[in-house]
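Q: One predicted model, sequence on top.
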Amino acid sequence: MRINGSYVNGFWVEGNEHRDNVSPSDTNDIIGSFARASTAVLDDAVAAARSALPAWSMTSPQTRANLLEAVAAAIMTDAEKLGQLLAREEGKTLREAIGEVTRAAQIFRFFSGEALRMRGERQPSTREGVYVNIHREPVGVVGIITPWNFPIAIPAWKSAPALAYGNTVVMKPAELVSASAHALAEIIDRVGFPPGVFNLVTGAGSVLGEAISSHSGIDAVTFTGSGTVGKQVAMSATARLAKVQLEMGGKNPLIVAADADLDIAVDCAIQGAFFSTGQRCTASSRLIIEDAVHDDFVERMLTRMATLRVGDALDADTDIGPVVDQRQLDTDLRYIGIARSTAGSVVHGGERVERKTPGFYLTPALIVGARNNDQVSREEVFGPVASVIKVSNYDEAVDVANDTPFGLVAGICTTSLAQAEDYQRRSDTGMVMVNLPTAGVDPHVPFGGRKSSSYGPHEQGTHAQEFFTQGKTAYVRP
Ligand code: NAD
């Protein structure tokens with residue numbers, strides 16, 4: 001089998017070690033063999049990015065815009081093929097996977113425009129005959145570390161702004177999804193970026209991720225993944241005073257108020273909690289329901305859950321694909337087991353099921369009678385598992401929603417404009433959704449959370465500049 005190498009200074013590097021990736025829908029389906037790069041390969045990638053930086057950071061914005069636009073166009077041309085690969089590799093349904101690929105193209109297109117919109121400021125000085133220019137400049141060589149659950153969208157939303165604003169890149173994707181990152185690197189190679197501007201190293205996070213965080217040749221590190229690893233990345237990066245940005249886990253609440261439209265509320269809860277197999281940092285894992293509508297809501301949820309088909313990611317009838325791997329399945333089942341043995345909780349679903357092919361199939365789990373301080377309501381499961389927490393009124397719902405170490409996103413279903421406005425102010429999160437699922441964001445506006453969900457500037461939209469550029473203030477007496 002061909003080894004898919006790392007991409008360093010415009011060349012593919014196989015190295016000595018590699019790893020086979022299998023499909024979670026069918027563990028007999030081997031997607032490909034991917035290089036496990038050594039730290040020596042990473043050093044080469046960093047050296048290439050450093051030597052490409054001076055020229056790339058001085059290219060005209062139009063050159064950068066054209067290249068990013070070419071990536072967007074190439075992604076769209078291959079959207080079906082890339083979607084198939086992504087669904088096969090990660091396990092989300094083909095519809096979700098093509099949606100994610102389309103999003104990656106939209107992100108490259110948006111940042112193609114941003115390359116041209118990058119602007120500074122000019123102000124009069126307090127001194128006669130002097131003026132002040134405030135420039136935005138690239139931050140340098142950017143290290144990118146990404147998780148497995150959005151195999152092409154997250155690499156896109158970190159690498160597109162990095163490249164648009166004139167930085168060079170060394171990216172390390174999660175090993176479970178090397179194929180999608182590899183496909184993106186092939187496109188970047190094909191459209192003609194200068195060698196060294198974008199580099200991909202595939203392999204173990206504990207080796208390469210740690211080496212990126214602590215590498216003296218990397219000026220800024222942007223990470224998305226778990227809180228535990230995020231903290232290690234921040235410690236290593238800040239120890240050498242590198243800029244760092246972290247997006248981590250969530251335990252996102254969806255409040256269903258007594259006056260909610262329950263059809264909308266159930267749609268939001270089903271989509272937010274269970275689609276993409278619940279493997280989203282923005283998943284609605286705590287459903288906080290006012291007493292007045294609790295029983296009706298639960299009954300409707302169970303009716304809808306009975307219609308959801310769990311199956312092969314590539315099967316057109318599938319609503320929910322498999323869990324990504326055995327390790328994540330074990331985690332999901334462990335939390336479901338804890339919920340089953342918690343007094344007062346009743347777990348509906350959450351069963352391991354067999355399909356035609358050997359895969360990691362699990363039915364969605366709804367934990368009714370959960371409390372906010374139960375283990376399953378406090379820790380991120382990262383699977384199709386949601387707690388239903390009953391509250392007596394709106395104020396209690398807000399308190400419960402905010403009572404968590406996380407602060408990524410929160411939702412409310414209500415027909416009261418006053419309550420919707422009030423919740424936007426009182427929610428202690430980076431993002432709020434009203435009558436919408438907690439998962440599902442736009443690419444042109446800021447994305448990010450608070451508390452232990454995020455650290456550093458938010459991502460996406462024009463706000464991406466905060467992380468991917470640095471300021472310079474110049475005083476001029478002509
Ligand atoms: P993870 O933390 O295990 O891995 C993330 C990345 O870090 C991978 O590339 C991994 O190889 C690498 N890594 C592993 N050990 C490392 C180390 N010691 N130093 C540096 N890098 C290392 O996370 P995961 O399991 O891939 O992804 C799931 C997590 O990601 C969940 O917690 C989820 O909430 C979070 N996530 C957050 C967002 C967001 O935007 N907030 C989006 C998607 C996923």
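A: Right, received. Where do you want to start?
Q: Spell out which parts of the stretch 251-400 of the chain neighbour the ligand.
A: 281, 380, 382 (C-beta under 6 Å from any ligand atom). The way it works is simple: take the backbone N, C-alpha and C, and place the C-beta from them, glycine included.
Q: Write a ChimeraX command that selects only the buried members of the residues you listed.
A: Only the buried entries of these go into this ChimeraX selection, using 16 or more other C-beta atoms under 10 Å:
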select :281,380,382
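Q: In the stretch 1-150 of the chain, what residue spans correspond to strands?
A: Secondary structure of the stretch 1-150 of the chain, counting by DSSP state E, counting those that start in this stretch: strands at 3-4, 6-8, 11-13, 18-23, 26-35, 121-124, 131-138, 141-145.
Q: which residues touch the closest residue to residue 86 other than its chain neighbours?
A: Nearest residue to residue 86, sequence neighbours excluded (C-beta to C-beta, 6 or more residues apart in numbering): residue 97, at 4.1 Å. Residue 97 makes contacts with 83-84, 86-87, 90, 313, as judged by C-beta atoms under 8 Å, 6 or more residues apart in numbering.
Q: I'd like to know which of the residues you listed is nearest to the ligand.
A: residue 90 (10.8 Å; C-beta to the nearest ligand atom).
Q: what about the closest one, how many neighbours?
A: 31 (other C-beta atoms under 10 Å).
Q: where does the closest residue to residue 259 other than its chain neighbours land on pLDDT?
A: Nearest residue to residue 259, sequence neighbours excluded (C-beta to C-beta, 6+ apart): residue 415, at 4.9 Å. We have a pLDDT of 98 for residue 415.
Q: Can you tell me the SS state at residue 415?
A: Assigned state for residue 415: coil (three-state reduction, DSSP: H, G, I helix; E, B strand; the rest coil).
Q: my guess is it contacts residue 258, does it?
A: No - Residue 415 is beyond contact range of residue 258, at 9.9 Å (criterion: C-beta atoms under 8 Å).
Q: which residues touch the residue nearest to residue 259?
A: Residues counted as contacts of residue 415 (C-beta under 8 Å, 6+ apart) are 259-261.
Q: Among those residues, which one has the most neighbours?
A: residue 260 (24 neighbours).
Q: The closest residue in space to that one that isn't next to it in sequence: how many residues sit nearby?
A: Spatially, and ignoring its direct neighbours in sequence, residue 260 is nearest to residue 413 (4.0 Å; C-beta to C-beta, 6+ apart). Around residue 413 there are 29 other residues, counting by other C-beta under 10 Å.
Q: so residue 413 bridges to which residues?
A: Using DSSP bridges, the bridge partners assigned to residue 413 are residue 256.
Q: Include secondary structure and pLDDT when you put the contacts of residue 415 into JSON lines, please.
A: Formatted as JSON lines, these follow (DSSP: H, G, I helix; E, B strand; the rest coil; pLDDT from 0 to 100):
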{"residue": "259", "secondary structure": "coil", "pLDDT": "98"}
{"residue": "260", "secondary structure": "coil", "pLDDT": "98"}
{"residue": "261", "secondary structure": "coil", "pLDDT": "98"}
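Q: would you turn the residues you listed into CSV with distance to residue 362?
A: As requested, the contacts of residue 415 are exported to CSV (distance: C-beta to C-beta, whole Å):
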residue, distance to residue 362
259, 34
260, 28
261, 30
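Q: if I pick residue 230, what's in contact with it?
A: 223, 246-248, 455.
Q: measure the residue nearest the centre of the chain to the ligand for me?
A: Most central in the chain under C-alpha atoms, centre = their mean is residue 154, positioned 5.1 Å from the mean C-alpha point. The gap separating residue 154 from the ligand is 6 Å, by C-beta to the nearest ligand atom, to the nearest Å.
Q: The nearest residue to that residue once chain neighbours are set aside - how many residues pack around it?
A: Nearest residue to residue 154, sequence neighbours excluded (C-beta to C-beta, 6+ apart): residue 146, at 4.6 Å. Here the number of neighbours of residue 146 (other C-beta under 10 Å) works out to 29.
Q: again, but for residue 192
A: 9.
Q: show me what contacts it?
A: 67, 70.
Q: Torsion angles phi and psi at it?
A: When read as degrees, to the nearest 10, the backbone of residue 192 gives phi 100, psi 30.
Q: Quick one, grab the pLDDT at it.
A: Confidence score, pLDDT, at residue 192: 96.
Q: do residue 16 as well
A: 89.
Q: In contact with the closest residue to it other than its chain neighbours, which residues?
A: Leaving aside its sequence neighbours, residue 16 sits nearest to residue 38 (C-beta to C-beta, 6+ apart; 7.5 Å). The neighbours of residue 38, taking C-beta under 8 Å, 6+ apart as the test, are 15-17, 203, 207.
Q: Going through those, which ones are buried?
A: The buried subset of the contacts of residue 38 (16+ other C-beta under 10 Å) comprises 15, 203, 207.
Q: now these as a markdown table including distance to the ligand?
A: What follows is the buried ones among the contacts of residue 38, written out as a markdown table (distance: C-beta to the nearest ligand atom, whole Å):
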| residue | distance to the ligand |
| --- | --- |
| 15 | 16 |
| 203 | 8 |
| 207 | 8 |
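Q: now the longest helix along the chain: mean pLDDT?
A: When the chain is parsed with DSSP state H, its longest helix is helix 94-117. Averaging the model's pLDDT scores along helix 94-117 yields 98.
Q: and what of stretch 352-368?
A: 98.
Q: just the buried ones among the contacts of residue 38 now: which is nearest residue 325?
A: Minimum distance to residue 325 across the buried ones among the contacts of residue 38 is 16.9 Å, recorded for residue 203 (C-beta to C-beta).
Q: So that closest one: helix, strand or coil?
A: coil.
Q: Contact partners for it?
A: Contacts of residue 203 by C-beta under 8 Å, 6+ apart are 6, 17, 19, 35-38, 172, 175.
Q: same question, residue 363
A: 305, 308, 310, 349-351, 353, 384.
Q: Nearest to residue 266 among those residues?
A: Closest to residue 266, out of all of the contacts of residue 363 and judged by C-beta to C-beta, is residue 305, at 9.8 Å.
Q: What's the local residue count around that closest one?
A: For residue 305, using other C-beta under 10 Å, the count is 21.
Q: how close does it get to residue 111?
A: 39 Å (C-beta to C-beta, to the nearest Å).
Q: Got the confidence number for residue 202?
A: The per-residue confidence score, pLDDT, reads 98 for residue 202.
Q: wouldn't it be in contact with residue 33 here?
A: No - counting by C-beta under 8 Å, residue 202 stays clear of residue 33, with 10.5 Å between them.
Q: Comparing these two, which residue is more hemmed in?
A: Neighbours around residue 202 and residue 33, counted as other C-beta under 10 Å, are more numerous at residue 202. The numbers are 30 against 16.
Q: quick one: stretch 93-110 near the ligand?
A: No - counting by C-beta under 6 Å from any ligand atom, the ligand is not contacted by stretch 93-110; separation bottoms out at 11.6 Å.
Q: distance between that stretch and the chain's centre?
A: 13 Å (C-alpha atoms, centre = their mean, to the nearest Å).
Q: Could the C-alpha coordinates of that stretch be exported in PDB?
A: The C-alpha trace of stretch 93-110 is given here as PDB (Å, rounded to 0.1, in the frame of the first residue of the first chain):
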ATOM      1  CA  THR A  93     -22.900  10.900   7.400                       C
ATOM      2  CA  LEU A  94     -22.200  11.700   3.800                       C
ATOM      3  CA  ARG A  95     -24.600  14.600   3.900                       C
ATOM      4  CA  GLU A  96     -22.800  16.000   7.000                       C
ATOM      5  CA  ALA A  97     -19.400  15.300   5.400                       C
ATOM      6  CA  ILE A  98     -20.200  17.100   2.200                       C
ATOM      7  CA  GLY A  99     -21.600  20.000   4.300                       C
ATOM      8  CA  GLU A 100     -18.300  20.200   6.100                       C
ATOM      9  CA  VAL A 101     -16.300  20.100   2.900                       C
ATOM     10  CA  THR A 102     -18.400  22.900   1.500                       C
ATOM     11  CA  ARG A 103     -17.800  24.900   4.700                       C
ATOM     12  CA  ALA A 104     -14.000  24.400   4.200                       C
ATOM     13  CA  ALA A 105     -14.300  25.900   0.800                       C
ATOM     14  CA  GLN A 106     -16.400  28.800   2.100                       C
ATOM     15  CA  ILE A 107     -13.800  29.500   4.700                       C
ATOM     16  CA  PHE A 108     -11.000  29.600   2.100                       C
ATOM     17  CA  ARG A 109     -13.100  31.900   0.000                       C
ATOM     18  CA  PHE A 110     -13.900  34.300   2.900                       C
END
